[in-house]
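>>> give me coordinates for this.
(3 chains)
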Amino acid sequence: MGILEVRDVNKSFGGLKALNKVELDVEEGSVHAIIGPNGAGKSTFLNCLVGLLIPDSGSVNFNGNSLLGIKPHEINQAGVSRVFQTPEIFSDLSLLDNVVIPTLASRDGAFKLNGWKRADQDSEIIVRAEHMLEDVGLIDKRNMHAGSLSRGDKRRLELAMCLVQNPKLLLLDEPTAGMSRADTNNTIDLLKRIGERGITKVIIEHDMHVVFSLADKVSVMAQGTVIAEGSPEGIKGDPRVQEAYLGGAHL
Amino acid sequence: MDAFVLQVLNGLDKGGSYALIALGLTLIFGTLGVVNFAHGALFMLGAFCAVTLKKILTISKQVKDESITFFDAFKEVPYLELWFGETGTAIIDYAVPLSILLAIPVMLLIGLAMERGLIRFFYKRTHAEQILVTFGLAIVLQEIVKAFFGANPVPMPPPELLTGSADIGAAIGLGDSVIYPWWRLTYLLFAGIIIAAVFSFLQFTTFGMVVRAGMQDRETVGLLGINIERRFTIVFGIAAVVSGLAGVMYTPIVPPDYHLGMDFLVLSFVVVVVGGMGSLGGAVTAGFLLGILQSFASMNEVKEILPGIDQIIIFLVAVVILLVRPRGLMGRKGVMES
Amino acid sequence: MITATPRKDLLLMGIFTLAVLTMPIWLAPIGASYPDLLQRFAIFGIFAIGFNILFGLTGYLSFGHAAFLGVGSYTAVWSFKLLSMSVVPAVIFGVITSGLFAVVIGYISLRRSGIYFSILTLAFAQMSYNLAYSVLTPITNGETGLQLSLNDPRALDSLVGVTPTSGIPPTNFFGIEMSGYSGFYFCAILMIIGFYISMRIFRSPFGMMLRAVKSNSNRMSYTGLNMRPYTLTAFVISGMYAGLAGSLMAVTDPLAGAERMQWTASGEVVLMTILGGVGTLIGPVIGAGVIKYFENIFSAINENVLHGIFDFLPEILQDGAVAVLSLFVGEGWHLTLGMLFMLIVVFLPGGMVEGFTRIYSRIRNKNNKNNGEAGSVGSAEVQPGE
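Below you'll find the model as predicted:
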């Protein structure tokens, strides 16, 4: 049984059918890539998973529990973290605080009224957060404002913020978009390293290099629906995929 | 039926003033994306254009009062009367409507100066900062007015011809109780004309077309190589004129004081919110609706059931609208929704 | 970036306490040491500290906090009338009642953010103000304002056998009259406690979450944090600070009027917080102090005083200077305030605290530079010899 099971999810905006009977099974501990041309509905689909959008019909089950109709923070507390296409970080806060906040959230839950303790004396949290920053190579910048980071560093910080929570499922929306080749390779290495922790990952990606170096399984979306699914090798040769996604050209 | 018509009529002129001031506010928000807390101050400045003109027209000379013979008495006679006699008196009598001529260039200048001097630096800042700086400006403007005109309300009578009441009831076949002050009727007519003018300007001119396009999608219009900034400056000027004129004509209804702007500011925001941020039609509709609603809430029959409802009805409507339909009556989806 | 440590905070707390308690001494040279003004410093300091917990940390700009101030005042006066002239129940009930109001208004208003939140709080403030003037007259005594009278029941006082011998008895704290300096010290100690609580909140995980709300509310939800209870708690805490300030107003001067609830009165606390430095610990207190001090000084200046100041000028210049400056003083004090406020928002969004920091770092840089130059000059002198 998969950790994430999506059945018959539909979503329309006005007359436009953005998602059409989407089905997806993600194996626990695997890296599952979703590829497809622009406008195929990949981001819409991801938004439906984290509670940003509510599907018109269908079911999304995570570890056997439905994710539909519950709030974004509840979805996160259930063990789903998300990296956005444009990094969503706390720009006005220091890098350390950026990681401390999710650490606190995973330990103390969605709300805790602890207005009397000092955050900087909570050694358990600080150690965990610093360890995480070290993991992504940002420990030297721990006291900098997150807003002053480069784009690549912001992505790494966001990744750290998600990973420090030890999510069961990590959703990544084009984690290397707009990155240089070197940065992309760094990110791939980082993702491979965290792969060893057994976190299930769903990646939306345009860069085939990234997809083929990471993914165990690939789903191809086009026009709001999954048209093919299989191993990276199998997908490469699938004529339907080439037709829909590449307009006939070879990978 | 009579009472109903009467309340609708009572609400209309108040609604007209709400609609006018909200129209300017939402025009500024829709085009420039600026939350203007100094908008009430523009209404107030308009009102004081009328006060100023009246003062200028009645600059007087002390002359000997001939009617008192047993000692030397003096009275103040305006130069206008000394020079032009009856005509002069008539001009002074029409000070309020004549102020429109003064208010248009003055408010336009104030609007342009405000936009170029301050507002444009805040296009990219947060709404909170826009609120703060325009709130500061509103304080400055009202204090300047207070320094020159004092803190007390200045009575501004309408022209004598329009002081009485229109017997509307008899005219449309209802009871005699349905009467309506001529000046309020004038105000309503005036508000209608201004609203129509603004809408046809936006609808039928190229300038208006660009502005409307800018309200929909500012970036694209900018990409077309149209200098949207300059047009937006003019829009701000127009909004200032509209609010100023609303203020001018309102003076006979409520004697203006320096605090008028702050009082109207909250109301106009409420109207804009109910109509939908950035929606011109919504602002006008909501203005009239809320005006009428308020006049119904002021009826004794209503107040007996719900005491104090007349004091809060408008705000209550705004709160409910914000909670259940944040885009307001006619706002576009997604504008400021969160 | 200065990082706060427990030791530094203790030091700050010590300096703050000392500075506040010795205010009657060190403010004497600038003519601000009389009790009435000192009391206002402390009361508005409390108001601003509380407001900053909401606006400074979460970024939610409320224009309705004057309503809580008013509620605190009315409650305190009613406590004087019905229960006792002791300030203890007055302050406690003032804080509790305004806290309850804040729960209701906050619960509704916080369903929206940004300017919609501001407009909702504005609407609530205006409703409270209008109602206080009209149908709530039995509670608020309308335009006259709520006052004490000799015939008030004062149940607790008469229970212990205290009956006024002549006139309305003064408000007191276990027998100490709450006027003059004792009144100031009562308010001052509450402000110090309020400051301490605010410092704890600033340093706590809870405070960190409030900053997260301001910085990026989206990320906050996707981090598994429920924003609503955090903002509501901050709103209620700041409402209770406002209620405390309001009840202290009644303690030092036992009457309450609806004008305290008007939205422009909320604007005043916004001015204080911004002027001093929004989001900083000490900024709001400085802002409140500066505004109340200059309000006092500037309002007292009239044309005669100005003529006195410019006596040395020839008469025409003197009249000119007086005519211009008199716009800004006396009744025109708010004009000065409005302009100052605009300048701060435009040029110094971090308020006076940011100004101090900038000056401080500039001086430090200059010193470094001077040292560096001295060094290079020294080496230049050495070089020829080498």
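>>> show me what contacts B:L260?
B:G40, B:F43, B:M44, B:A47, B:G247, B:V254 (CB atoms under 8 Å, 6 or more residues apart in numbering or on different chains). (Glycine included, C-beta is placed from N, CA and C.)
>>> switch the cut-off to 10 Å
B:40-41, B:43-48, B:142, B:145, B:153, B:247, B:250-251, B:254 (CB atoms under 10 Å, 6 or more residues apart in numbering or on different chains).
>>> of those residues, list those near chain C.
Among those, proximity to chain C is found for B:Q142 (CB under 10 Å from any CB of the partner chain).
>>> out of the contacts of B:L260, which are buried?
Buried positions within these, assessed by neighbour count (16 or more other CB atoms under 10 Å in any protein chain shown), are B:40-41, B:43-48, B:142, B:145, B:247, B:250-251.
>>> where is pLDDT lowest across the contacts of B:L260?
Of all those, B:V254 carries the smallest pLDDT score, 87.
>>> need the three-state assignment for that residue.
When classified by DSSP: H, G, I helix; E, B strand; the rest coil, B:V254 comes out as coil.
>>> now do B:V63
strand.
>>> would you mind measuring from A:S91 to C:G257?
To C:G257, A:S91 is 44 Å away according to CB to CB, to the nearest Å.
>>> the more surrounded of these two?
Between A:S91 and C:G257, counted using other CB atoms under 10 Å in any protein chain shown, the more crowded position is C:G257 (19 against 16).
>>> how deep is the closest residue to that one other than its chain neighbours tucked in, by neighbour count?
Computed as CB to CB, 6 or more residues apart in numbering or on different chains, the closest residue to C:G257 that is not its neighbour in sequence is C:G145, at 3.6 Å. Per other CB under 10 Å, the neighbour tally for C:G145 reads 17.
>>> which residues touch the residue in the stretch 1-150 of chain A positioned nearest to chain C?
With CB to the nearest CB as the measure, A:N76 is the residue of the stretch 1-150 of chain A nearest to chain C, at 3.5 Å. A:N76 makes contact with A:50-51, A:82, A:102, A:105-106, A:110, A:162, A:165, A:167, C:220-225, according to CB under 10 Å, 6+ apart.
>>> apply 8 Å and report the result again.
So A:N76 contacts A:V50, A:A105, A:Q165, A:P167, C:S221, C:Y222, C:T223, C:G224 (CB under 8 Å, 6+ apart).
>>> same question for B:L290.
So B:L290 contacts B:G15, B:Y18, B:V270, B:V271, B:V274, B:I314, B:V317 (CB under 8 Å, 6+ apart).
>>> top of those residues by neighbour count?
B:V271 (33 neighbours).
>>> disregarding flanking residues, what is the spatial nearest neighbour of that one?
B:A22 (3.9 Å).
>>> could you point out the helix or strand that follows the strand or helix carrying that neighbour?
Assessed by DSSP states H and E, B:A22 sits inside helix B:2-32. Beyond helix B:2-32 in the direction of the C-terminus, DSSP H and E gives the next helix or strand as helix B:39-57.
>>> list the helices and strands that next one packs on?
helix B:2-32, helix B:86-93, helix B:95-117, helix B:127-149, helix B:228-250, helix B:260-275 (3 or more CB pairs under 8 Å, 6 or more residues apart in numbering or on different chains; DSSP states H and E).
>>> got the angle for it vs helix B:95-117?
130 degrees (axes from the mean of the first three to the mean of the last three CA atoms, to 10 degrees).
>>> can you mark which positions in stretch B:51-61 are buried?
B:V51, B:T52, B:L53, B:K54, B:L57, B:T58.
>>> mean confidence for that stretch?
88.
>>> now tell me what touches that stretch from outside.
Here stretch B:51-61 has contacts from B:76-80, B:82, B:91-92, B:95-96, B:98-99, B:102, B:149, B:154, B:156, B:251, B:256, using CB under 8 Å, 6+ apart.
>>> at 7 Å what do you get?
Applying CB atoms under 7 Å, 6 or more residues apart in numbering or on different chains, the contact partners of stretch B:51-61 are B:76-80, B:82, B:91-92, B:95, B:98-99, B:102, B:149, B:154, B:156, B:256.
>>> over to stretch A:168-188?
Under CB under 7 Å, 6+ apart, the answer for stretch A:168-188 is A:3-4, A:43, A:46, A:49-50, A:62-63, A:79-85, A:151-152, A:155, A:162, A:199-207, A:210, A:213-214.
>>> using PDB, list the CA coordinates for that stretch.
Listed next in PDB are the C-alpha coordinates belonging to stretch A:168-188 (Å, rounded to 0.1, in the frame of the first residue of the first chain):
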ATOM      1  CA  LYS A 168       7.000  11.500   6.100                       C
ATOM      2  CA  LEU A 169       6.300  13.000   2.700                       C
ATOM      3  CA  LEU A 170       8.100  15.900   1.100                       C
ATOM      4  CA  LEU A 171       6.700  17.700  -1.900                       C
ATOM      5  CA  LEU A 172       9.100  19.600  -4.000                       C
ATOM      6  CA  ASP A 173       7.900  22.000  -6.700                       C
ATOM      7  CA  GLU A 174      10.600  22.400  -9.200                       C
ATOM      8  CA  PRO A 175      13.400  22.600  -6.700                       C
ATOM      9  CA  THR A 176      16.100  23.500  -9.300                       C
ATOM     10  CA  ALA A 177      14.200  25.900 -11.500                       C
ATOM     11  CA  GLY A 178      16.300  28.900 -12.400                       C
ATOM     12  CA  MET A 179      19.500  27.400 -10.900                       C
ATOM     13  CA  SER A 180      22.900  27.100 -12.500                       C
ATOM     14  CA  ARG A 181      24.200  23.700 -13.500                       C
ATOM     15  CA  ALA A 182      26.500  23.700 -10.500                       C
ATOM     16  CA  ASP A 183      23.700  24.700  -8.000                       C
ATOM     17  CA  THR A 184      21.500  22.100  -9.600                       C
ATOM     18  CA  ASN A 185      24.100  19.400  -9.000                       C
ATOM     19  CA  ASN A 186      24.500  20.500  -5.500                       C
ATOM     20  CA  THR A 187      20.800  20.200  -4.900                       C
ATOM     21  CA  ILE A 188      20.700  16.800  -6.500                       C
END
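>>> wait, what's in contact with the residue of the stretch 101-250 of chain A at minimum distance from chain B?
In the stretch 101-250 of chain A, the residue that lies nearest chain B is A:G147 (14.2 Å; CB to the nearest CB). Applying CB under 7 Å, 6+ apart, one finds that A:G147 lies in contact with A:S91, A:D92.
>>> now the residue sitting furthest away from the middle of chain A, nearest residue through space, not along the chain?
Using CA atoms, centre = their mean, the residue of chain A lying farthest from its centre is A:W116. It sits 34.2 Å away. Leaving aside its chain neighbours, A:W116 sits nearest to C:R200 (5.5 Å; criterion: CB to CB, 6+ apart).
>>> what about the residue nearest to A:D238 when sequence neighbours are not counted, how many neighbours?
Ranked by CB to CB, 6+ apart and with sequence neighbours excluded, the top spatial neighbour of A:D238 is A:A228, at 5.1 Å. A total of 20 residues lie near A:A228 under the criterion other CB under 10 Å.
>>> you'd agree A:A228 is up against A:G237?
No - with contacts counted by CB atoms under 7 Å, A:A228 stays clear of A:G237, the gap being 10.6 Å.
>>> follow-up on the earlier one: give the phi and psi angles for the residue farthest from the centre of chain A, as a check.
phi -110, psi -20 (degrees, to the nearest 10).
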